[in-house]
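> sequence and predicted model, in that order:
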Amino acid sequence: MIEVRGLKKIYNVGDSQVNALAGIDLDIQSNEYIAIMGQSGSGKSTLMNLLGCLDSPSCGTYRLNNLLVSDMADDDLAHIRNREIGFVFQTFNLLPRADVYHNVELPLIYAGISAIERKTKVEKAVEAVSLTDRIRHKPNELSGGQRQRVAIARALVNSPSILFADEPTGNLDTKTGREIMSIFDDLHKSGQTVILVTHEAEIALHAGRRIVLRDGLVETDSLQKSS
C-alpha cells in the first residue's frame with residue numbers, strides 16, 4: 001500500500017536548514033496497525049504529514065496504492081487526501097457551529113457526493129462510533145470522548161484506504177482514551193489500515209508494529225503482540 005524510499009524533508013529556518021526527515025525507507029501493507037513513535041523533534045509528525053499528503057517531501061519517493069504522490073501538485077494531493085486518507089487529530093478539529101451530522105458530512109460534500117448518498121454514508125459512519133442518538137448535537141453539547149468519536153466518523157465517512165490518528169487520546173482522560181482506542185482496534189479487525197502517531201507506550205501497544213524515529217531516521221521497526 002505504501003512504499004517510501006529516501007524520503008527527506010528539509011526546512012529553512014533563518015539562515016540554517018533543519019533536516020526533519022533525513023532519509024526514510026518504509027513499506028506498509030494493507031490492514032497493518034502501526035504506531036509511529038519518537039521524542040519531540042524526531043520527525044514523527046513530519047512523516048505523518050508526508051504520508052497523509054498534507055505536505056510534499058524535499059526529495060525521495062512516496063507511492064500510495066501505486067500512485068507516485070511525492071511528485072503531485074497541491075490540487076492532486078488534495079484529491080488523494082479526500083479519496084484515500086482519513087485523519088483524526090488530538091484537538092478534534094470540528095466545526096463548532098455545525099452538528100454531528102454536518103461535521104461528518106463535510107468530506108462527502110468536498111467529494112461531490114449526492115445528498116441522498118451522503119445521508120446513507122453519514123448515518124453509517126455515525127452508527128459505527130455509537131453516536132446515532134447525538135447526531136443533531138453540536139460539539140459544545142458533547143463530551144471530549146464523543147467529540148473524538150465524531151472526528152473518527154468524519155475520517156471514516158469516505159471509506160479511506162488509511163486512517164491516520166495523531167495523538168488521538170491526548171486530550172482525553174484514561175478511561176475515555178481506552179474507549180477510543182477500542183474503536184481503532186475494532187476498525188483494524190474489520191480490515192482498516194490504521195497508523196497512529198503517539199508518544200504514549202500504552203497507546204502504542206494497541207498496534208501490531210511499532211516504528212520509532214530518532215533524528216529524522218528510523219531507529220527501530222519491530223512487530224509486537226497487540227493488546
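Structure received. Numbers count the residues shown, from 1 in each chain.
> list the buried residues for the helix or strand bottoming out on mean pLDDT in the chain?
Lowest mean confidence among the helices and strands of the chain (mean pLDDT, DSSP states H and E): helix 74-84, at a mean of 89. Buried positions in helix 74-84, judged by neighbour count with 16 or more other CB atoms under 10 Å: 77, 80-82, 84. All C-beta spots, glycine's among them, are computed from the backbone N, C-alpha and C.
> same deal with stretch 127-142?
128-129, 131, 134-135, 138-139, 142.
> show me which of these is closest to residue 61.
Relative to residue 61, the closest of the buried residues of stretch 127-142 is residue 128; by CB to CB it sits at 34.2 Å.
> one step back: nearest to residue 21 among the buried residues of stretch 127-142?
residue 129 (32.5 Å).
> excluding chain neighbours, what is closest to the closest one?
Nearest residue to residue 129, sequence neighbours excluded (CB to CB, 6 or more residues apart in numbering): residue 149, at 4.0 Å.
> wait, that neighbour sits on residue 182?
No - look at residue 149 against residue 182 with CB atoms under 8 Å: they stay out of range, at 11.2 Å.
> neighbour count winner among these two?
Using other CB atoms under 10 Å as the criterion, residue 149 and residue 182 rank with residue 149 on top: 25 against 11.
> please identify the buried residues of the helix or strand encompassing that one?
Following DSSP states H and E, one finds residue 149 within helix 144-156. Judged by neighbour count (16+ other CB under 10 Å), helix 144-156 contains these buried residues: 144-156.
> output that helix in PDB with nothing but the alpha carbons.
The C-alpha trace of helix 144-156 is given here as PDB (Å, rounded to 0.1, in the frame of the first residue of the first chain):
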ATOM      1  CA  GLY A 144     -14.400  15.100  24.800                       C
ATOM      2  CA  GLY A 145     -14.800  11.400  24.000                       C
ATOM      3  CA  GLN A 146     -17.900  12.000  22.000                       C
ATOM      4  CA  ARG A 147     -16.200  14.700  20.000                       C
ATOM      5  CA  GLN A 148     -13.300  12.300  19.200                       C
ATOM      6  CA  ARG A 149     -15.900   9.800  18.100                       C
ATOM      7  CA  VAL A 150     -17.300  12.400  15.700                       C
ATOM      8  CA  ALA A 151     -13.800  13.000  14.400                       C
ATOM      9  CA  ILE A 152     -13.400   9.300  13.800                       C
ATOM     10  CA  ALA A 153     -16.700   9.100  12.000                       C
ATOM     11  CA  ARG A 154     -15.700  12.000   9.800                       C
ATOM     12  CA  ALA A 155     -12.400  10.300   9.000                       C
ATOM     13  CA  LEU A 156     -14.200   7.100   8.000                       C
END
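> who's in contact with residue 2?
26-28, 51, 62-64, 162 (CB atoms under 8 Å, 6 or more residues apart in numbering).
> buried only: go through these for me.
Buried among the contacts of residue 2 (16+ other CB under 10 Å): 26, 28, 51, 62, 64, 162.
> over to the fifth one: give its phi and psi.
Think residue 64. phi -120, psi 120 (degrees, to the nearest 10).
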